[in-house]
Structure formats: C-alpha cells, structure tokens
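Participant: next comes the sequence, and after it the predicted model I'd like to discuss.
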Amino acid sequence: MSEIAIKVDDVSKIYKLYDKPMDRLKESLGFSKEKKYKEHYALNHVSFDVEKGETVGIIGTNGSGKSTILKIITGVLNPSAGHVDIKGRISALLELGAGFNMEYTGVENVYLNGTMIGFSREEIDAKLQDILDFADIGDFVNQPVKTYSSGMFVRLAFAVAINIEPEVLIVDEALSVGDVFFQTKCFHKFDEFKQMGKTILFVSHDLSSIAKYCDRVILLNRGVKLAEGQPQEMVDLYKKVMVNENGQEITRVEDIPQEAKHSITASAAGGEWKSSFQINPKLNEYGSGDAEIIDFAVIDDHGNLTNAIVKGTRFRICSKVLFHKEIADPIFTYTLKTIKGTDITGTNTMYEKEDIGIAQPGEIYVATFEQEMNLQGGEYLLSISCTGFEQGELRAYHRLYDVINITVISDKNTVGFYDMNSKVSIEKVQ
C-alpha cells in the first residue's frame, strides 16, 4: 500500500464579508447580536491525497481556491474546518522571499530562511555553496538584500527554497522567475526532484507544464473540487469550465456543459455582448464622445462569447460603435498587452487598409478583427478604441484601456511572448 505524504481531509476556508467596517467592529466588541456578514467559502469541503513520490497538479480558474489550499497545507493559513496531515519536511515556493529581512545580507537571509524552514546551521552550512551557485548573483550575496534588483531577489529566494532538498515541495507559479536561462535551471532542478522521488504539489496556469510533470491533476472551481484524474482529462474539463466561467455556477462535473451557452447568436438576440464579460473595475476610459463604443465581444472558434481562448485557434474581437456626429474615415483599433503593461500586439482598420468612409450621426458600425491566437498561455489585457484624424491631428473619440482580460489556454509554450509555430525535423547524417 502506498504511503500518503499529504492528506487533505474535508478542508473548508470561510471568510466573513462585511458591508461596512463598522459592522465588523460592532461584532468584535459584542455589540451586535444579529449576523452582519456574508460567508464566502474560499474552499468548500475539499479532500484529496498525495502519495509519497507523486507529482500532483492543481488547476482551476482565478478564485477557485488553488493558492488558498497551498497556504493551508504549508501552515500560512488555518482552515475553518477539516485538517491537513503532512509526512516529511516541507519547502514551499509560494511568495518568494516572504521571510527575508531587507536589512540582512543575502548570506544572512539564507541562514534566516533555512532556520525558519526547520534546518540546523550545520545543514545550511552544507548547502550554502549550492544555494549561492544556483542563485548566481556574485558578490551581492554579501550586501543587504534591500540593494538587490527584483530579479536578484527572487533568484536568491528561489535558490534557498529549492536547494534545501525537502521531502515535500509545494510550488505555486514559481518556476518562471528570472530570465530564460535561470528558468531553464529551475526546470532542470524540478526534473531532478522528480527523479529523486520527491513529493511535489504543483499549481500553475501553464497547462503544458501541468501535462509534462504531473502524474495526476486536481481541478478546483469556486472552492470546490470538481474532479481529479489524468492530466489530459482534467485539462479538457478545465477548458470547458474556462469557456463557461461567466455563465452558470459550476460546482459539480455534471454542471459542466458540453457546449458553452454564451454564443454570439444567443447574445445578439438577447442583449449586449459585453454582459458576458467581467469588465475591469479600474478601466481607463476617455475620449471626445463624438463616437461611443456601446458594445464589444471576444468570440472563440466555436462562436462562444468568452475571454478564454485556446492557443492555435482562430478568434474574433468585435467592437460596436455609435456615432454622434459626422466623422470621416474613423479608425477602429485593438491592442493586447501583458498584465505588466507591455504592448504585445494589435492592429487597426487603417493598418489593415479597411476604409469606412463617412459615418453619419446615429449610425452604428461593428468592426470585427479575426486572427489566430499564437500568444503563449497566460493572462493578457485587451484595449479597444475608435479614433480618427481631423485636420491632420489624431483624435480619440472613445478609448477603453484594459477593458477585459483574455486568458490564453495552452498545452505547449515556447520562449517569449508568442509561438512562431516552428516545424522541426531531425536527420541523422552518420
């Protein structure tokens, strides 16, 4: 019988949500006898086992409870109900460098962090050179970490966590730190851990890494464990959840529709396209108001309104504009950028040589951009606008910056922002 390294038994995590800070204060002082809060289940009776030497992935949409369960397993959070049992010394790649003292040098923080994990000074002494070699930040190891760049900081934090060689490793989206060469080193170390038979619990949005490394995958949604099984089976279920996450509430596998209910045809008949999307609450919106973007949509290759697009498939971006005054040759645009604000790609009707002519007051135009999604798996932000030139000057009639996010689902990522779809051939010549 296999030995259980991690046992999560009926774990729930409940947060109290108050409408007003005063309600929280009154309850804490005992002045209010009626319940002034709503209960939010970040996790709702979640149970699973991880066997010793097994690599298990956890996937799910944002807010599904992935990071919460890892924090409970590592002791950062306490569960509201249920319990977790761990057999073996644990190291977590969660919030890298969370235990660092900014006034200490890199070497001093290595000893501080190692001690917090539970290692003796002698054990850290034996691993110190491996940690410093892995971090590869040179003489900066003897300088206070407050002088480090962000890249140097995470390199040292990662090196400490992964070179301690725990029996159980917890990873939360931490393998993509630093430059591409350091990332390669991180993945090689991860491979070594697997070959050594370490137990690994792995959370990632990178489905290619999930498929490559995991023996089994657990799918969470809205704090509930929907299913667990083989990586490809769970990834397929995850894609269906992603396409439908703005629709019905999904808390059971039976709730996952075979086809998403939010289609471009159904929405056109029943209301606005944009009602199917979660709009950025910090949306940057401005313009002269001579034209107005009254609706927009992202549409996948099945005709569904969704912000989850599978890499390698064709999709459309639509914007519907109402004109309030006569405008000659208006320009419709879209841009995709990273969540850090770097523009990745985009185009407009002028670049595409699509002339509109003169738009009259009260007229409505829909611009549809169709293209293939070749961006790497991850999160991106969409901006759309209607602009034009008046007397040689560019005017913004209506712009919606970072209006919604687009999630690219991928089972194969390459280096950089986009995939050139290379075809590889290898020939033996001797």
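Facilitator: Arrived safely, thanks for sending. In this text, all values refer to a predicted model and were calculated from it rather than measured experimentally.

Participant: doesn't Met116 fall inside a strand?
Facilitator: No - counting by DSSP: H, G, I helix; E, B strand; the rest coil, Met116 is not found in a strand; it is helix.

Participant: return the residues in contact with it.
Facilitator: By CB atoms under 8 Å, 6 or more residues apart in numbering, the contact list for Met116 reads Gly99. No exception for glycine: its C-beta is placed from N, CA and C like everyone else's.

Participant: what about the strands in the stretch 201-350 of the chain?
Facilitator: 216-221, 224-229, 284-286, 291-299, 308-310, 314-323, 327-328, 331-338, 343-348 (DSSP state E, counting those that start in this stretch).

Participant: Asp9: which of these is closest?
Facilitator: Nearest to Asp9, of all the strands of the stretch 201-350 of the chain, is strand 224-229, at 12.3 Å by CB to CB.

Participant: of the strands of the stretch 201-350 of the chain, which approaches Val429 most closely?
Facilitator: Across the strands of the stretch 201-350 of the chain, closest to Val429 is strand 308-310 (CB to CB), at 37.6 Å.

Participant: now for the closest one, which elements pack on it?
Facilitator: Packing partners of strand 308-310 (3 or more CB pairs under 8 Å, 6 or more residues apart in numbering; DSSP states H and E): helix 231-243, strand 393-409.

Participant: mean neighbour count, mean pLDDT and distance to Ile90 added to these, as JSON lines?
Facilitator: What follows is the helices and strands packed on strand 308-310, written out as JSON lines (neighbours: other CB atoms under 10 Å; pLDDT from 0 to 100; distance: least, CB to CB, whole Å):
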{"stretch": "helix 231-243", "mean neighbour count": "19", "mean pLDDT": "82", "distance to Ile90": "23"}
{"stretch": "strand 393-409", "mean neighbour count": "18", "mean pLDDT": "94", "distance to Ile90": "30"}
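
Participant: distance to Asp139 added to those, as JSON lines?
Facilitator: Shown next, in JSON lines, are the helices and strands packed on strand 308-310 (distance: least, CB to CB, whole Å):
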{"stretch": "helix 231-243", "distance to Asp139": "43"}
{"stretch": "strand 393-409", "distance to Asp139": "40"}
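
Participant: which stretch among these comes nearest Leu375?
Facilitator: Taking the helices and strands packed on strand 308-310 one by one with CB to CB, strand 393-409 is closest: 5.1 Å.

Participant: quick one, helices of the stretch 101-250 of the chain?
Facilitator: Counting by DSSP state H, counting those that start in this stretch, the stretch 101-250 of the chain has these helices, from start to end: 106-117, 121-135, 150-163, 180-195, 207-213, 231-243.

Participant: may I ask which helix or strand of the chain has the lowest mean pLDDT?
Facilitator: Every helix and strand of the chain was ranked by mean pLDDT, DSSP states H and E. The lowest is helix 264-270, at a mean of 53.

Participant: okay if I get the strands of the stretch 201-350 of the chain as TSV plus distance to Asp419, mean pLDDT and mean neighbour count?
Facilitator: Formatted as TSV, the strands of the stretch 201-350 of the chain follow (distance: least, CB to CB, whole Å; pLDDT from 0 to 100; neighbours: other CB atoms under 10 Å):
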stretch	distance to Asp419	mean pLDDT	mean neighbour count
strand 216-221	23	95	24
strand 224-229	28	94	18
strand 284-286	29	95	12
strand 291-299	19	97	21
strand 308-310	13	88	23
strand 314-323	15	97	20
strand 327-328	38	96	18
strand 331-338	14	97	20
strand 343-348	12	96	14
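
Participant: could I get those strands as CSV with distance to Arg155?
Facilitator: Formatted as CSV, the strands of the stretch 201-350 of the chain follow (distance: least, CB to CB, whole Å):
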stretch, distance to Arg155
strand 216-221, 29
strand 224-229, 34
strand 284-286, 33
strand 291-299, 36
strand 308-310, 32
strand 314-323, 36
strand 327-328, 52
strand 331-338, 21
strand 343-348, 25
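
Participant: for Glu27, find the nearest of these.
Facilitator: Closest among the strands of the stretch 201-350 of the chain, using CB to CB: strand 224-229, at 27.4 Å.

Participant: and Met373, what does it touch?
Facilitator: Ile309, Val310, Lys311, Gly312, Thr313, Arg314, Phe315, Val408.

Participant: could you do Gly65 as well?
Facilitator: Gly65 neighbours (CB under 8 Å, 6+ apart): Lys13, Ala42, Leu43, Val46, Leu220, Arg222, Gly223, Val224.

Participant: cool, and Ser64?
Facilitator: For Ser64, the contact set (CB under 8 Å, 6+ apart) comprises Leu220, Asn221, Arg222, Gly223.

Participant: among those residues, which one sits closest to Tyr37?
Facilitator: Gly223 (17.0 Å).

Participant: so what sits opposite Val46 in the bridge?
Facilitator: Taking DSSP bridges as the rule, Val46 bridges to Val11.

Participant: neighbours of it, how many?
Facilitator: 24 (other CB atoms under 10 Å).

Participant: equivalent analysis for the one 10 residues further on, please.
Facilitator: Burial of Val56, expressed as a neighbour count using other CB under 10 Å, amounts to 22.

Participant: relative to Leu29, how far out is it?
Facilitator: In this view, Val56 and Leu29 are 44 Å apart by CB to CB, to the nearest Å.

Participant: measure Leu381 to Thr335 for me?
Facilitator: Counting by CB to CB, the gap from Leu381 to Thr335 is 9 Å.
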